[in-house]
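Peer 1: My questions are about this predicted structure, shown below with the sequence.
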Amino acid sequence: MMSEITLTVHHQVGLHARPAALFVQTAKQFHCEIKVTHGEKEANAKSILSVLALGAEQGAVITIRAEGEDADQALAALKALVESDFGERE
Amino acid sequence: MNTLRGIAASQGIAIGPAFRFRQVDLRFERYTVEDPAAEWARLQAALETARQQLADVYARAEAGSGARQAAIFQAQALMLEDPELLEMARTSIEGQHTNAEAALSDAAETYARMLEALDDDYLRARAADVRDVATRVLRLLLGVAASPTAGLTTPSIILARDLTPSDTVLLDKSLVLGFCTAEGGATSHTAILARSLGLPAIVGAGPGILEIPEGATLVLDGSDGTLLVEPDEEVVTRYRARQTVAATVVSQARLRAHEPAVTQDGHRVEVVANIGNVEGAQTALEAGAEGVGLLRTEFLYLERTHLPDEEEQYRAYRAIVDVFGDLPVILRTLDIGGDKELPYLDLPQEMNPFLGLRAIRLCLARPELFKPQLRAALRAGVERNLKVMFPMVATVAEVRAARAVLEECRAELRAEGQPTAGEMEIGIMVEVPAAALMADHLAAEVDFFSIGTNDLSQYTLAADRTNAQVASLASGFHPAVLRLVRDVIAAAHARGRWVGLCGELAGEPLAIPILLGLGLDEFSMNPPAIPLAKQIIRALTLDTAREVAQAALELDSPEAVQALVRERVPVADVG
């Protein structure tokens, strides 16, 4: 099973620092393989270093692709995280 | 005997052996392994140990030095188990039969370079974290000392080029008698750490200290910045005697920490604390603080990604004033500028941030920054003794403008039906020479002054306190600074206003007799300095203090001023 979503990162620091750590920690809770792309760069969503190296700043459009049995749940969790501004939006 | 000099960073005398805090040599051979599976297992064992070490330092950092350092180690822990990094190392070991040291180091270096190439300061700084993680694993693979402090088994004086937060978290503080660093200024991490631990320290002593043999006997005088290497028996005996006298005064001081500071002839002054968060509030109260003379509010703004809103600020301030009940708490409004990286503020880079758009200037230019803070303060002050002061005021117009914004906030809150503090005293920091010289006019505009001698010294002597080469010029003991302090106090008293002082000078034993003699009403300092400051005040009469102050104002150098106080007020010579 493979699914994909495209989101905009609204958080002020982008996918760096605490948001990046939360993103990776969330991805790690799932068994499926998860890739994030930003422009021409692709990252393993469970790797903090490759997620940081995407350099996704505020306003960046990212595409998340998941493959595996819990792919839909993983995408839903990551979407909720990004859209809540990483838990900082009330 | 060899004498070295640096910047006096934390008062007190330390006598003991030298211990060199050094980065270990982590050079390694690159070779082909015969059994890649065994090599991968060796790397995994090292990674596992590194994980345990990081969990341990994380716990220690969280318990000891706070969330900021802890966050660094948490990010490093994520890197240590990064699947891409480990996959790169595994491929290299299994594919090319590379040894574990080279495989891990290459993989970490690839990511460090990738991060460094990005156009973002935060990400570039993470490159150092990747390398730090790799270093930790390399140490384990190479079997070199577990940390730069291995071998520190007896209480010693720590010598280092400079110490970073991740270095100091490694130190077992019970084995540290004092610090001496080759680099750094009075506001360096080492200096701040030493003061918070109550340990003597010298910073910026020059590279010569790194030549001192390990184990050499040292005498470190953190009050005047002198480091003696292998001193004569007689010299050591003299310093030990001073240490003993100081210890007696200090233990007396501790016993009486919670009593007021009243001179022999019945003159009482307030001794209060400089704090920067709610934990500091508790420490201050335990140290005997009679309130807070300086509540720094920057903690709410630094190390984060968005501006703290009014509600968050209100809760933080209220938590602090609640610790003090009816005792006074003086909140200083935001004191930052272009030298601080606040991504959400987008402050322009300035050639000279200490002469730039900072503190009250920035707040007046950015009401969206200023107003939530003032509204939060007005709400937090309800039925509490909260006062507000504005930093870096240079002109009367700034005070009027700031007060106008405050009144606007009060009117808005009332219109919204929110309770606000009734009578709230408003003051300013006097730290710009122009404000000191115009104190008579400024006194008409405010309820009190708080003299910020750290900035007043550096602005008066045109010397950056963070630049080791000129920092010693910016001494608060300089008669130029003391004369300004005298004039500010006189101008305020002529108008019936009270004056506090919240620079480092207020907690300097040798400065206390002078400040008392100049008529200072409130002494605000780091909590550990409070008991001793009170004890020195108790040992004096106001007349003696006045005579010492008068004489000090006539001298021509900070050294002469300190020598005078040492001679006239032996009890203050306890550093």
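Peer 2: Cool, got the structure. Numbering: from 1, shown residues only, chains lettered A, B, ... in the order given.
Peer 1: residue ranges with poor pLDDT in the stretch 251-400 of chain B?
Peer 2: Low-confidence segments of the stretch 251-400 of chain B, defined by pLDDT under 70: B:338-339, B:341.
Peer 1: On the three-state scheme, the residue in it that chain A sits nearest to is what?
Peer 2: With C-beta to the nearest C-beta, the shortest gap between the stretch 251-400 of chain B and chain A falls at B:Thr305, namely 4.3 Å. All C-beta atoms are positioned from the backbone trio N, CA, C, and that covers glycine. Here B:Thr305 is recorded as coil under DSSP: H, G, I helix; E, B strand; the rest coil.
Peer 1: OK, contacts around it?
Peer 2: A:His11, A:Gln12, A:Val13, A:Ala17, A:Arg18, A:Pro19, A:Glu88, B:Pro343, B:Tyr344 (C-beta atoms under 8 Å, 6 or more residues apart in numbering or on different chains).
Peer 1: likewise B:Leu413?
Peer 2: Taking C-beta under 8 Å, 6+ apart, one finds B:Arg375, B:Leu378, B:Arg379, B:Pro419, B:Thr420 in contact with B:Leu413.
Peer 1: Please report the distance of the third one from B:Glu407.
Peer 2: As for B:Arg379, its distance to B:Glu407 is 15 Å (criterion: C-beta to C-beta, to the nearest Å).
Peer 1: just the fourth one next, same as before
Peer 2: Distance, B:Pro419 to B:Glu407, using C-beta to C-beta: 16 Å.
Peer 1: Then the first one?
Peer 2: Applying C-beta to C-beta, one obtains 12 Å for the distance of B:Arg375 from B:Glu407.
Peer 1: So the two - more neighbours on which side?
Peer 2: Higher neighbour count among B:Arg375 and B:Glu407: B:Arg375, with 23 against 11, using other C-beta atoms under 10 Å in any protein chain shown.
Peer 1: Would you list the phi and psi of that one?
Peer 2: phi -60, psi -40 (degrees, to the nearest 10).
Peer 1: residues contacting it?
Peer 2: Here B:Arg375 is in contact with B:Glu310, B:Tyr314, B:Cys409, B:Glu412, B:Leu413 (C-beta under 8 Å, 6+ apart).
Peer 1: cutoff 7 Å now
Peer 2: Residues in contact with B:Arg375 (C-beta atoms under 7 Å, 6 or more residues apart in numbering or on different chains) are B:Glu310, B:Cys409, B:Leu413.
Peer 1: Roughly how far does it sit from B:Met392?
Peer 2: 21 Å.
Peer 1: cool, and B:Val235?
Peer 2: Distance from B:Val235 to B:Met392, by C-beta to C-beta: 44 Å.
Peer 1: Those two: which is more packed in?
Peer 2: Per other C-beta under 10 Å, whichever of B:Val235 and B:Met392 has more neighbours is B:Met392, with 24 against 13.
Peer 1: That one contacts B:Leu357, doesn't it?
Peer 2: No: if you go by C-beta atoms under 7 Å, B:Met392 and B:Leu357 don't touch, sitting 10.4 Å apart.
Peer 1: can you confirm B:Thr3 is in a helix?
Peer 2: No: going by three-state DSSP, the assignment for B:Thr3 is strand, not a helix.
Peer 1: Return the residues in contact with the residue lying closest to it once chain neighbours are set aside.
Peer 2: Nearest residue to B:Thr3 in three dimensions, chain neighbours excluded: B:Leu228, at 5.7 Å (C-beta to C-beta, 6 or more residues apart in numbering or on different chains). Applying C-beta under 7 Å, 6+ apart to B:Leu228 gives the contacts B:Met1, B:Thr3, B:Leu218, B:Val219, B:Val235.
Peer 1: Quick one, which of these are buried?
Peer 2: Buried members of the contacts of B:Leu228, scored by 16 or more other C-beta atoms under 10 Å in any protein chain shown, are B:Leu218, B:Val219.
Peer 1: Format the contacts of B:Leu228 as a markdown table; extra columns: distance to B:Asn277 and pLDDT.
Peer 2: Output for those, formatted as a markdown table (distance: C-beta to C-beta, whole Å; pLDDT from 0 to 100):
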| residue | distance to B:Asn277 | pLDDT |
| --- | --- | --- |
| B:Met1 | 43 | 77 |
| B:Thr3 | 39 | 91 |
| B:Leu218 | 34 | 96 |
| B:Val219 | 35 | 96 |
| B:Val235 | 41 | 93 |
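Peer 1: Closest one to chain A out of the contacts of B:Leu228, please.
Peer 2: Among the contacts of B:Leu228, and counting by C-beta to the nearest C-beta, the member closest to chain A is B:Leu218, at 41.2 Å.
Peer 1: okay if I get the contacts of B:Leu228 as a markdown table plus distance to A:Leu52?
Peer 2: Below are those laid out as a markdown table (distance: C-beta to C-beta, whole Å):
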| residue | distance to A:Leu52 |
| --- | --- |
| B:Met1 | 52 |
| B:Thr3 | 48 |
| B:Leu218 | 43 |
| B:Val219 | 47 |
| B:Val235 | 54 |
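Peer 1: who touches the longest helix seen in chain A?
Peer 2: In chain A, assigned by DSSP state H, the helix with the most residues is helix A:71-83. By C-beta under 7 Å, 6+ apart, the surrounding residues in contact with helix A:71-83 are A:1-3, A:5, A:7, A:9, A:22-23, A:26-27, A:30, A:32, A:34, A:64, A:66.
Peer 1: Which of the residues you listed fall in strands?
Peer 2: A:Met2, A:Ser3, A:Ile5, A:Leu7, A:Ile34, A:Ile64, A:Ala66 (DSSP state E).
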